[in-house]
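1. pasting the structure only:
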């Protein structure tokens, strides 16, 4: 990858505690066939040892064990190669900080991500989504990956920084993100620091991108300090830094780390999910038709607002199934802080333990026909997280993603806005599968857009009806006013 990945000489081996199974292939499979490798592990047991050269770790393959691990953050702390690399990039913000610092940081940042705060951002989400596709023309080829990343970068920067990050700076952040994400995965799984100090083009691009993001954030903070206070996350952090609360002070470094970590994670993951959703809809026209029917009835051609979100039931189900089928966050690590056990296997202090939402989401024991794209799984009668709580796109426990409500709201608004106006189709030829990196999703997705009214069999908004028995059809086309906090909770 990027010309700087060696082919490891040692083999991956898998097994259930306490034994080791014979070799199933070289470590290069992690780069070339990571999803197939993950899917092979549950057959070996609920807790599987994997090894790359001298590095050993344990992959947790059963959702109940994963939840046990995620609930015990004191024992299974954020750490391992993944978080070592992320801390070098993001510092010790809420995404990467160790257990001892997390509770204080979460409490500090939580007000920005409460339901009422997210609801207040819905109009901005709709405005940005409408701006995204306003200038599209039927037959035009659209770089969907770039478009969705640009959208989510603008939205998270508005939440964090209001207008302190100019449109040009936000676009530069988007370009930097692409270079950073390409470099993060290999830095996570190849434990050879010397490789990344070599002056290769890929290493230079990565370092330049990281430095440029840091400079852009520092410039935004400096501008805010000189200007008017604003009601956003940066304003909250600066107010906490100036207050004498008698606790641990908020330093300039922490302000920087929180902004960088939330900007990067809040841009990349939802953009990957949206791009995956558009790709999957194009390959499943029956799902797309039902989505269009719901959007036409609920919105009738206008932009969504916060009161529409609870009524976009099938739209939300499409996104939930996308998060199951192609979770942007697909592989995570933890490190034991003391001697413990899991599934009867003793784990010494300092053991690296991994879990994979992709693995859990594609285990047929939890989700029959796991490779099929079936949003109906999440309609009435289905459990919210699947059997054994196997659906964990935002993690679980006290370290569940702080931005899950915001992400679900922005993706629902964006998908409904675009789907109300456009169909997106793959060009002729083979559709490339999702490409795992630091996140999972299409990184160079080009699609052809067609205005809904121009497409064969196209319908004007508000002119179609849902199938009988649809949850939205039952509610009728009239817009129902609801409390402003509704509709931003992850199903």
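-> Done, it's in. Model, not experiment: these values are computed from the prediction.
2. please make it C-alpha for all contacts and neighbour counts, starting now.
-> Will do.
3. center of the chain, which residue is that?
-> residue 269 (2.7 Å; C-alpha atoms, centre = their mean).
4. how about that residue, nearest residue that isn't a chain neighbour?
-> Spatial nearest neighbour of residue 269, excluding adjacent residues (C-alpha to C-alpha, 6 or more residues apart in numbering): residue 328 at 5.4 Å.
5. which pLDDT value goes with the one you found?
-> Residue 328 is assigned 96 on the pLDDT scale.
6. contacting residues around it?
-> 269-270, 272-273, 393, 439-441 (C-alpha atoms under 8 Å, 6 or more residues apart in numbering).
7. what sits against the residue nearest to the centre of the chain?
-> Contacts of residue 269 by C-alpha under 8 Å, 6+ apart are 328-329, 439.
8. beyond the strand or helix carrying it, next helix or strand please.
-> Element membership for residue 269 (DSSP states H and E) is helix 252-283. Once the chain leaves helix 252-283, the next helix or strand it forms, by DSSP H and E, is helix 285-299.
9. who touches the very next helix or strand once past that following helix?
-> Later in the chain than helix 285-299, the nearest helix or strand by DSSP H and E is helix 313-325. By C-alpha under 8 Å, 6+ apart, the surrounding residues in contact with helix 313-325 are 273-274, 276-277, 280, 290-291, 294-295, 358, 361-362, 370-379, 391, 393, 408, 411-412, 415-416, 471-472, 491.
10. next one: the helix or strand just after helix 313-325 to chain centre, how far?
-> Note on helix 313-325: by DSSP H and E, the next helix or strand toward the C-terminus is strand 332-336. Centre-to-centre, strand 332-336 and its host chain are 19 Å apart (C-alpha atoms, centre = their mean, to the nearest Å).
11. next: stretch 152-172.
-> Computed by C-alpha atoms, centre = their mean, the chain-centroid distance of stretch 152-172 equals 18 Å.
12. pull out the buried residues from it.
-> Residues 152-166, 169-172 are the ones in stretch 152-172 that count as buried (16 or more other C-alpha atoms under 10 Å).
13. which of those residues fall within helices?
-> 152-161, 169-172 (DSSP state H).
14. okay if I get these as TSV plus distance to residue 423 and pLDDT?
-> Formatted as TSV, these follow (distance: C-alpha to C-alpha, whole Å; pLDDT from 0 to 100):
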residue	distance to residue 423	pLDDT
152	20	96
153	23	93
154	23	93
155	23	95
156	26	95
157	28	93
158	28	93
159	29	94
160	32	94
161	33	93
169	30	88
170	27	85
171	25	86
172	28	90
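15. how about those, which pair is most distant?
-> 159 and 172 (17.7 Å; C-alpha to C-alpha).
16. show me the contacts for residue 141.
-> 446-449.
17. now it: how far from residue 70?
-> From residue 141 over to residue 70 the distance is 42 Å, taken as C-alpha to C-alpha, to the nearest Å.
18. and what of residue 206?
-> For residue 206 relative to residue 70 (C-alpha to C-alpha), the value is 31 Å.
19. other SSEs contacting the helix or strand where residue 58 lies?
-> Using DSSP H and E, residue 58 falls within strand 55-60. The contact analysis (3 or more C-alpha pairs under 8 Å, 6 or more residues apart in numbering; DSSP states H and E) places strand 55-60 against strand 47-52, strand 352-355.
20. who does the last one pair up with?
-> Right, strand 352-355. Strand 352-355 has these partner strands in its sheet, going by DSSP bridges: strand 55-60 (parallel), strand 332-336 (antiparallel).
21. what residues are up against the closest residue to residue 154 other than its chain neighbours?
-> If you skip the residues right next to it in sequence, residue 154 has residue 170 as its closest partner in space, 6.3 Å away by C-alpha to C-alpha, 6+ apart. Contacts for residue 170 (C-alpha under 8 Å, 6+ apart) come out as 150, 153-154, 157.
22. I'd like those written out as a markdown table, with distance to residue 335 added.
-> Formatted as a markdown table, those follow (distance: C-alpha to C-alpha, whole Å):
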| residue | distance to residue 335 |
| --- | --- |
| 150 | 34 |
| 153 | 31 |
| 154 | 34 |
| 157 | 31 |
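23. for residue 361, report the pLDDT, please.
-> pLDDT, residue 361: 97.
24. repeat that for residue 40.
-> pLDDT at residue 40 comes out at 90.
25. same question for residue 104.
-> Residue-level pLDDT assigned to residue 104 equals 94.
26. hang on, the earlier thing: any idea which of the strands paired with strand 352-355 is most buried?
-> strand 332-336 (a mean of 22; mean count of other C-alpha atoms under 10 Å).
27. what's the average pLDDT for it?
-> 94.
28. following that strand in sequence, what is the next regular element?
-> Strand 332-336 is succeeded, C-terminally, by strand 340-342 (DSSP H and E).
29. partner strands of that next one, with direction?
-> strand 345-347 (antiparallel).
30. any idea how far the partner strand is from the chain center?
-> The answer for strand 345-347 is 31 Å, by C-alpha atoms, centre = their mean.
31. now it: buried residues?
-> residue 347.
32. let me know the pLDDT of the residue lying closest to residue 343 once chain neighbours are set aside.
-> Closest residue in space to residue 343, ignoring its immediate chain neighbours: residue 47 at 6.8 Å, by C-alpha to C-alpha, 6+ apart. On pLDDT, residue 47 comes in at 96.
33. my read: residue 47 touches residue 59, true?
-> Yes. In terms of C-alpha atoms under 8 Å, residue 47 counts as a neighbour of residue 59; the distance is 5.7 Å.
34. will you turn the strands paired with strand 352-355 into a markdown table that also has distance to residue 262?
-> What follows is the strands paired with strand 352-355, written out as a markdown table (distance: least, C-alpha to C-alpha, whole Å):
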| stretch | distance to residue 262 |
| --- | --- |
| strand 55-60 | 27 |
| strand 332-336 | 17 |
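35. from the ones in helices among the buried residues of stretch 152-172, pick the one nearest residue 224.
-> Closest to residue 224 out of these is residue 161 (8.8 Å), distances taken as C-alpha to C-alpha.
36. show me the contacts for the closest one.
-> 220, 232-235 are the contacts of residue 161 under C-alpha under 8 Å, 6+ apart.
37. ok, so of these, who is nearest residue 43?
-> For the contacts of residue 161, the nearest to residue 43 is residue 233 (45.0 Å; C-alpha to C-alpha).
38. and for that closest one, nearest residue in space, chain neighbours not counted?
-> Using C-alpha to C-alpha, 6+ apart, the closest residue to residue 233 is residue 160 (4.7 Å).
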